[in-house]
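S.K.: Model the following, please.
(4 chains)
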There are 4 protein chains.
Amino acid sequence: MDQLGIVANISQNIARRGANILNVDIYIDFDNGSPVFYSRSEFSFDPLQWPRDVMEEDFAEIAHIFKAQKSLVRVPECDENLKMAVLASWQDHCLVDLLHRWQEGELPAQIGAVISNHSRGPNTHVVRFLERHGIPYHYLPTTKSDKREGEIVELVKDTDFLVLARYMQVLSSTFLRSYGKDIINIHHGLLPSFKGANPYRQAYQAGVKLIGATSHFVTEELDDGPIIEQMVDRVSHRDTLTTFAMKSENLEKQCLAKAIKYYCEKRIVRYSGNKTIVFG
Amino acid sequence: MDQLGIVANISQNIARRGANILNVDIYIDFDNGSPVFYSRSEFSFDPLQWPRDVMEEDFAEIAHIFKAQKSLVRVPECDENLKMAVLASWQDHCLVDLLHRWQEGELPAQIGAVISNHSRGPNTHVVRFLERHGIPYHYLPTTKSDKREGEIVELVKDTDFLVLARYMQVLSSTFLRSYGKDIINIHHGLLPSFKGANPYRQAYQAGVKLIGATSHFVTEELDDGPIIEQMVDRVSHRDTLTTFAMKSENLEKQCLAKAIKYYCEKRIVRYSGNKTIVFG
Amino acid sequence: MDQLGIVANISQNIARRGANILNVDIYIDFDNGSPVFYSRSEFSFDPLQWPRDVMEEDFAEIAHIFKAQKSLVRVPECDENLKMAVLASWQDHCLVDLLHRWQEGELPAQIGAVISNHSRGPNTHVVRFLERHGIPYHYLPTTKSDKREGEIVELVKDTDFLVLARYMQVLSSTFLRSYGKDIINIHHGLLPSFKGANPYRQAYQAGVKLIGATSHFVTEELDDGPIIEQMVDRVSHRDTLTTFAMKSENLEKQCLAKAIKYYCEKRIVRYSGNKTIVFG
Amino acid sequence: MDQLGIVANISQNIARRGANILNVDIYIDFDNGSPVFYSRSEFSFDPLQWPRDVMEEDFAEIAHIFKAQKSLVRVPECDENLKMAVLASWQDHCLVDLLHRWQEGELPAQIGAVISNHSRGPNTHVVRFLERHGIPYHYLPTTKSDKREGEIVELVKDTDFLVLARYMQVLSSTFLRSYGKDIINIHHGLLPSFKGANPYRQAYQAGVKLIGATSHFVTEELDDGPIIEQMVDRVSHRDTLTTFAMKSENLEKQCLAKAIKYYCEKRIVRYSGNKTIVFG
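M.R.: Now for the predicted structure:
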């Protein structure tokens, strides 16, 4: 009975504040006993008519009426620009793609810092780009015994989320708990196949005819977090490990960029254990 | 200002009748001066609590309040099973596919009749299938001067929509006006390319690397009605007219079936001249 | 050094017999130490000028010169029509699709028999279709302790290959050895993910955004044989187990049909352990 | 009768020079009366055993024997690195993508010059990139009456082919004849639909459900040259002109890069009027 009137209540509230609904999407999860209701609304409004604090109270009240899980109710600032930090290793393709999309205005986010465990010279494209845009670049070489996680947490503590742009290190659960916010990873294989190291080689040896990339949230279990987006490309017996990598890198860039975009537009909700809703 | 509160009003109305919203999708068209609001709601309800006539009144009132275009407000029966008639020529692939999907319960519609301008023997798969399911089969051979349109109109007058499953005749505007309901066609080319006769050959001669199929509503202008769905497949220099046809037929079946499914689920709205909304 | 001149030798031989090469494809596998050479040639010839026995001698000689693995040298009859038997369970979608493609002439093979461990009434589409075309239908119900494999081997001993059209039984290694010829299976998941039972449910629970189907050769290890073809479709949080199945079935049909077609056209070569070459 | 033995002759010749065939692809065009034979061979060889001049003589002789069209017989240097010039306007996406792929070694070509009819400041990414790599950048503003074609021809006369990376000018037939070599264009629409200006808008207004990009050779007729590669992406009623452009740009980059790669690897042959073979 409990979702009776949720959409009504939300949209009526939006209407009585003189705001205009631009987009509504709802999803009801019937999989686990009692249905769970999820919704995303996009609306334009006049901040004089509907000040921030009133808006928050309004939605808190609706959340209260329908006994929503408080932590899940988000009323983002309309001009909100999430701040991300990007972690990378020696491979540039995802990092560079992400920087260019950011420059083109395709990613509605700020880049707080780029952290790499691989050294880059001052004249490399990445380092020059970051300098030019005033984005801090931190080189933190890792060893088996020292993942530099304490320093990383310190460097990213003011960010809203992390992006692992082919960062070739597994983050410890201590790190995850300590950072406490969302981390988006790109895995160069079609999860849940090919977890762990060298998914290109795994796929190549399996003789697959399709390869893929998967962007997902990071959880304590390696390559097992909720999947956000997946993409595939065709391979044949003519493909080598090298062309597997080339085709995959092309997918990884697109797949990671989509996940970041969805995330910044607040389209993603985690639900039902390890799944994601991606609102349209 | 006029869409203020439409979603609220609709969903509140659904809620106060004790019904549960299962799906809501809205779309606002900003392209032509003042925004136009479109919406589709799916809900489960108790017919004792919300009888049909009350439901219709409710929505009529909302339509009135927001000055909706009356003809566009549809409150379909929850157990509604639209009745279609299928027109075909000598090619069976779309017709057979459609009959099987219907048999599998994939198309939420009845088949009122199948009309063909091409003769089929009593022992053919199509004719036996129709007999077995008690669906009338009409053979109406057409000539250049007699398209038998009067008879067709008569035969399909009690249907809700027509499907042209590779019917190789252009229907006259007299027919369209006389029938007066929706007609869905499958075109074996990627519209607006390759209108008219022999799109396979047109595509083949153009040296394309992708071929496609298009399902669309029929309008008075040939192959120019609102597009519902399109699909493509890859071709190379190795493909011949024969393999163009084979690949395309595979697309045509799927593309037509999707359009019919969307249509029966009331997901399609025509708007902005010759476009379609396909609600998710 | 050993592949020096193989193409030359083959094509020269074809030319000196007055035959015309229509298609040549070669593939050299460099992955395992010394390169291994694979080749497929399609040619038209005059059987008076190049009788069957001479042709076989010619290729045997080439095989001898280049020390080819004898068992792999195939000189199929030009009008060869491989005979397959199809094993199915209660699900019809792959079986029916295969029968229709066969009827349309899309599969260059004969159907020797259809064997099912699930009962079908005499008035079902499948049974009537088979009757009409004079194809034997065998109902062999299996139990945990009796897979009826002896009877199956007996029934299919004169076929060239088997097709498992969603046959829900694992064939024993005794059966595989006893039959001794190729068996093509369709797996309703994107191998090597989702092996074994209920891949739809596995994929659903993994929260994937793409589902797929895989056609492959059957080997003693379950769902681990060389992959022939794979196809994917997009899913979202809105998809249910039911729509996973519907989308997947659509893929399974196409994926199995492609594998059978490639197989009958002798495009497939197994190599390098568990991989396939699919010649273009 | 005339293609009898062509493959044999070519491959035998390769073998007797001690070279190893790595890849052979042939295509026979049966569309226009007598069949026309096309072939591409890739082989490794020892330049001491098979010097350049001998190789050229060898192939000239084969060409002579089989009466090949001399201008079509190409024996490229094994370390050949074609030189291209890139023409662009104000849009950077294709140009930048191409520069990065070139830097990553994905395009086996040199960049002789970049010419733009749109001004770029010295601190822009493109200009800095070119400077760093010592690639000349020429700003040649065009007007309706002065396309600066004379100067362009002069600047590119030592290049092997031109790339129009969204160059928003139609090149005159005088220019084409004067340059005399291949020119590859990227069209931001799915040719032969949406020729000419503003294909995004054309597609948007046509209400298509798929948009595409096309890379093709430039001929005297606008957007009508032989198609090399095409790619599509899905759009819905939710897409705007802006998202049409974003999705299309993503396709354009990939589609142009593929065409250039195929071209540099000598995989493309123009044939049968306005078609292309793209050898695998």
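
S.K.: for chain A, what spans make up the strands?
M.R.: For chain A, the strands defined by DSSP state E occupy A:20-29, A:36-44, A:82-88, A:109-116, A:137-139, A:161-164, A:182-187, A:210-217, A:227-234, A:268-271, A:275-278.

S.K.: just the residues of the stretch 151-280 of chain A that are near chain D, which are they?
M.R.: Residues of the stretch 151-280 of chain A lying close to chain D by C-beta under 8 Å from any C-beta of the partner chain are A:238, A:246, A:250, A:254, A:280. From N, CA and C alone the C-beta is placed, and that goes for glycine too.

S.K.: Going by mean pLDDT, which of the strands of chain A comes out lowest?
M.R.: For the strands of chain A, mean pLDDT drops lowest on strand A:20-29, to a mean of 83.

S.K.: Could I get the pLDDT score of the residue in the stretch 51-200 of chain A that chain B sits nearest to?
M.R.: Closest to chain B within the stretch 51-200 of chain A is residue A:66: 11.2 Å, counting by C-beta to the nearest C-beta. Looking at residue A:66, its pLDDT stands at 86.

S.K.: Then residue A:1?
M.R.: pLDDT for residue A:1: 35.

S.K.: any idea which of the strands of chain A is most buried?
M.R.: Comparing the strands of chain A by mean neighbour count (mean count of other C-beta atoms under 10 Å in any protein chain shown), strand A:210-217 ranks first with a mean of 26.

S.K.: quick check: angle from it to strand A:227-234?
M.R.: Strand A:210-217 and strand A:227-234 are oriented at 170 degrees to each other (axes from the mean of the first three to the mean of the last three C-alpha atoms, to 10 degrees).

S.K.: Strand A:210-217 near chain C anywhere?
M.R.: Yes. For strand A:210-217, a contact with chain C is found by C-beta under 8 Å from any C-beta, at A:210, A:212.

S.K.: From the contact counts, what lies against that strand?
M.R.: Counting by 3 or more C-beta pairs under 8 Å, 6 or more residues apart in numbering or on different chains; DSSP states H and E, the packing neighbours recorded for strand A:210-217 are strand A:182-187, strand A:227-234, helix A:241-264, strand C:227-234.

S.K.: Is it possible to mark the buried ones in the residues of the stretch 151-280 of chain A next to chain D?
M.R.: Buried subset of those (neighbour count, 16 or more other C-beta atoms under 10 Å in any protein chain shown): A:246, A:250, A:254.

S.K.: Would you check that the last one makes contact with residue D:250?
M.R.: To tie it back to what came earlier, the one meant is residue A:254. Yes. Under the criterion of C-beta atoms under 8 Å, residue A:254 makes contact with residue D:250 at 7.3 Å.

S.K.: could I get the buried ones among the residues of the stretch 151-280 of chain A next to chain D as a markdown table with pLDDT?
M.R.: Compiled in a markdown table, these are given as follows (pLDDT from 0 to 100):
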| residue | pLDDT |
| --- | --- |
| A:246 | 91 |
| A:250 | 92 |
| A:254 | 95 |
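
S.K.: ok, those vs residue D:219, which is closest?
M.R.: Residue D:219 lies nearest to residue A:250 out of these, by C-beta to C-beta, at 29.7 Å.

S.K.: got a list of what the closest one touches?
M.R.: Listed by C-beta atoms under 8 Å, 6 or more residues apart in numbering or on different chains, the contact partners of residue A:250 are A:233, D:254.

S.K.: ok, it to residue D:246 distance?
M.R.: As judged by C-beta to C-beta, to the nearest Å, residue A:250 and residue D:246 stand 17 Å apart.

S.K.: swap in residue A:268?
M.R.: According to C-beta to C-beta, residue A:268 and residue D:246 sit 19 Å apart.

S.K.: can you pull the contacts of the residue lying closest to residue A:170 once chain neighbours are set aside?
M.R.: Closest residue to residue A:170 apart from its sequence neighbours, by C-beta to C-beta, 6 or more residues apart in numbering or on different chains: residue A:222 at 5.8 Å. By C-beta under 8 Å, 6+ apart, the contact set of residue A:222 is A:170, A:195-196.

S.K.: sorry, back to before: of all the strands of chain A, which one is nearest residue A:96?
M.R.: Between residue A:96 and these, the tightest spacing by C-beta to C-beta is seen for strand A:82-88, at 9.5 Å.

S.K.: Which neighbouring elements make contact with that closest one?
M.R.: On a contact count with 3+ C-beta pairs under 8 Å, 6+ apart, strand A:82-88 meets helix A:93-103, strand A:109-116, helix A:149-156, strand A:161-164, helix A:241-264.
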